[in-house]
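Novice: kindly generate the corresponding structure for this input.
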Amino acid sequence: PRSTLFPYTTLFRSPDSRDGRSPLPLSGSTLYSVTPNSLYKTILPLIRSEAVDVRDVAVQSLGFINHMAVKDMFEEFSTYLREACDRKQENVRRRKRKDNLRLQVLRILKLIAKERTFGRFTNLTSHSYTSQDVNASLPHSFIEFLESCKGWLETDSDREGGNEIRIQFCKTITYLLSGFEIELRESLLRKDVRKQLFHVCISWTGPFSHLFALNTSMNSISSNGSGGSSQGLLSKLEFSALVASANLLTCGSCFQPSLLHEDSHLYAWIDLLLSSSEPAVYDLGEKVIILLLEFNPDIGSVLDWAVSRCFTGSVQTGAACFRAIGTLFSAKEYPCDRYVAIINTTLLYTGSACAELQQIAFRLLQVLDCRFFGGLPSFHLHHLGSYNDSQNKIANTLDAVLSKTGYAKSQTFLSKQLSLLHPELTMPMFSGK
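Specialist: Here you go, the predicted structure:
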């Protein structure tokens, strides 16, 4: 009975059981006839297995594949990708098999993306990243699969098990985009593909989807049986879809420029993220602002909105917008012709009750002063604002002012010093221009 249940146990004996010889003696010709492709052909069919353990082992082994072998594996895997996207009419039994195949395919892709395998393959083939390298690192069959997902994700996954398929899809998108350096992500997917995938994912975000005027029946699917609620915590699907949507929106210049117009509903959507009581959603909103500014420097309405919300938004909305501005201007010489508005905003937050925001404001004020006024001729001031004491003179930079005593960091004193250092800014700062 034991040999019947475990027909291969006789193969796994101790090396001593055969007088010190290997239990599986292989000739040289046999060894050389075993190729990676033959291994993939053996493992890939196992993802269809009805035995959960066997299926999971196959998925794990393919998902954690070495980055040097991923290209060869996709040569065999492409057949399964095409089959998963096939939408021909089938009976109930075959539909269930197709759904299971789609789920396992997405699990494999998610693991490969999560391990940053594509990014490591690019790094292996080139010492310096280029958009061409990024495109070459993604198998063409994978790109085709993502481009053709919209149809069956919106319809065929409505039945039982559809939520899990959607979750795996959203995580695949998120891990794929975050697996590359920020400046390379725009080259991964075409704008039209990003747009259609964004609208697919955003339709599953529950309370965060209504601003995009999407089909409400799609929204109800995202919450059914998954514990989500527009009034409570997001379901697993809703949160996964929200993260994927944010990544698709901010992995390059905006795929739909009209979304960044002054009266766009996108800003109301970001406000909704920043008003969330869930820290992960709030942090996601702040990240969206940073990356929208990063990838769309030529569209001034984004920066104008962020500056405006520092003054008109709630405390947590204003804080997120100011941190985003501080992060960007401190990290690079961000193109900006609205320096008066930025200085005004920064000066406002030097008086913040939050120590973190106050420190960001102090650092940003130094950066702005150095960038916009670093070339002005020397002009000396007393550290308390008097011109008369020649023994206590400092240079005409806010950097020097901020290096002084704690009193020199008060909002009132900084405002006074700024008016003395740069009197030409007085009226523009009052007018907010």
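Novice: now what about the helix or strand that contains R93, what contacts it?
Specialist: In this structure, R93 sits in helix 92-114 according to DSSP states H and E. Outside of helix 92-114, the residues that reach it under the criterion CB atoms under 8 Å, 6 or more residues apart in numbering are 47-48, 55, 58-60, 62-65, 70, 77, 80-81, 83-84, 86, 90, 118, 142, 145, 152, 156-157, 159, 161-162, 164-165, 168-169, 171-172, 175-176, 179. No exception for glycine: its C-beta is placed from N, CA and C like everyone else's.
Novice: quick check: mean pLDDT across that helix?
Specialist: The average pLDDT for helix 92-114 rounds to 92.
Novice: report the buried residues of that helix.
Specialist: Neighbour-count burial for helix 92-114, counted by 16 or more other CB atoms under 10 Å, picks out 98-114.
Novice: kindly report the same for stretch 315-334.
Specialist: When neighbours are counted by 16+ other CB under 10 Å, the buried residues of stretch 315-334 are found to be 317-329.
Novice: for those residues, which one is nearest R185?
Specialist: Distance to R185 across the buried residues of stretch 315-334 (CB to CB) is lowest for L328, with 16.8 Å.
Novice: which SSE is that closest one in?
Specialist: Secondary-structure assignment from DSSP H and E places L328 in helix 315-331.
Novice: one more: F239?
Specialist: helix 236-249.
Novice: packing partners for that helix?
Specialist: Using 3 or more CB pairs under 8 Å, 6 or more residues apart in numbering; DSSP states H and E as the contact criterion, the elements in contact with helix 236-249 are helix 162-178, helix 191-202, helix 216-223, helix 279-295.
Novice: output the helix holding R93 as CSV, restricted to C-alpha atoms.
Specialist: Once non-C-alpha atoms are left out, helix 92-114 reads as follows in CSV (Å, rounded to 0.1, in the frame of the first residue of the first chain):
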residue,chain,number,x,y,z
VAL,A,92,-19.3,26.2,-16.9
ARG,A,93,-16.6,23.6,-16.3
ARG,A,94,-14.2,25.2,-18.8
ARG,A,95,-14.9,28.7,-17.5
LYS,A,96,-13.9,27.6,-14.0
ARG,A,97,-10.7,26.1,-15.4
LYS,A,98,-10.0,29.4,-17.3
ASP,A,99,-10.6,31.4,-14.2
ASN,A,100,-8.2,29.2,-12.2
LEU,A,101,-5.6,29.6,-15.0
ARG,A,102,-5.9,33.4,-14.9
LEU,A,103,-5.5,33.4,-11.2
GLN,A,104,-2.4,31.3,-11.2
VAL,A,105,-0.9,33.3,-14.1
LEU,A,106,-1.5,36.5,-12.2
ARG,A,107,0.0,35.0,-9.0
ILE,A,108,3.2,34.1,-11.0
LEU,A,109,3.4,37.6,-12.5
LYS,A,110,2.8,39.2,-9.2
LEU,A,111,5.7,37.2,-7.6
ILE,A,112,8.1,38.0,-10.5
ALA,A,113,7.2,41.7,-10.2
LYS,A,114,7.4,41.8,-6.4
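Novice: now the angle between helix 162-178 and that helix, please.
Specialist: An angle of 20 degrees separates the directions of helix 92-114 and helix 162-178 when computed by axes from the mean of the first three to the mean of the last three CA atoms, to 10 degrees.
Novice: tell me the two of the buried residues of stretch 315-334 that are most distant?
Specialist: Taking CB to CB as the measure, the buried residues of stretch 315-334 have their most distant pair in T317 and F329, spaced 18.9 Å apart.
Novice: how about residues contacting the helix holding F239?
Specialist: Residues from elsewhere that reach helix 236-249, judged by CB under 8 Å, 6+ apart: 163, 166-167, 169-171, 173-174, 177-178, 189, 194, 197-198, 201-208, 222-223, 226-228, 234, 255, 280-281, 284, 287-288, 292.
Novice: buried ones among those residues?
Specialist: With neighbours counted using 16+ other CB under 10 Å, these contain these buried positions: 163, 166-167, 169-171, 173-174, 177-178, 189, 194, 197-198, 201-208, 222-223, 226, 228, 234, 255, 281, 284, 287-288, 292.
Novice: S258 is in contact with L266, correct?
Specialist: No. The pair L266 and S258 fails to qualify as a contact (CB atoms under 8 Å) at a distance of 9.3 Å.
Novice: residue contacts, F329?
Specialist: Taking CB under 8 Å, 6+ apart, one finds C336, I342, L364, V367, L368 in contact with F329.
Novice: next one: it relative to A84, how far apart?
Specialist: From F329 over to A84 the distance is 45 Å, taken as CB to CB, to the nearest Å.
Novice: S258 too?
Specialist: Counting by CB to CB, the separation of S258 from A84 is 33 Å.
Novice: just S419 next, same as before
Specialist: S419 sits at a distance of 66 Å from A84 (criterion: CB to CB).
Novice: burial measure for the nearest residue to Q316 once chain neighbours are set aside, as a count.
Specialist: Leaving aside its chain neighbours, Q316 sits nearest to L274 (6.2 Å; criterion: CB to CB, 6 or more residues apart in numbering). With neighbours defined by other CB atoms under 10 Å, the count for L274 comes to 24.
Novice: one more: the one 3 residues further on?
Specialist: Counted with other CB under 10 Å, residues neighbouring S277 total 9.
Novice: need the phi and psi values for it.
Specialist: phi -80, psi -10 (degrees, to the nearest 10).
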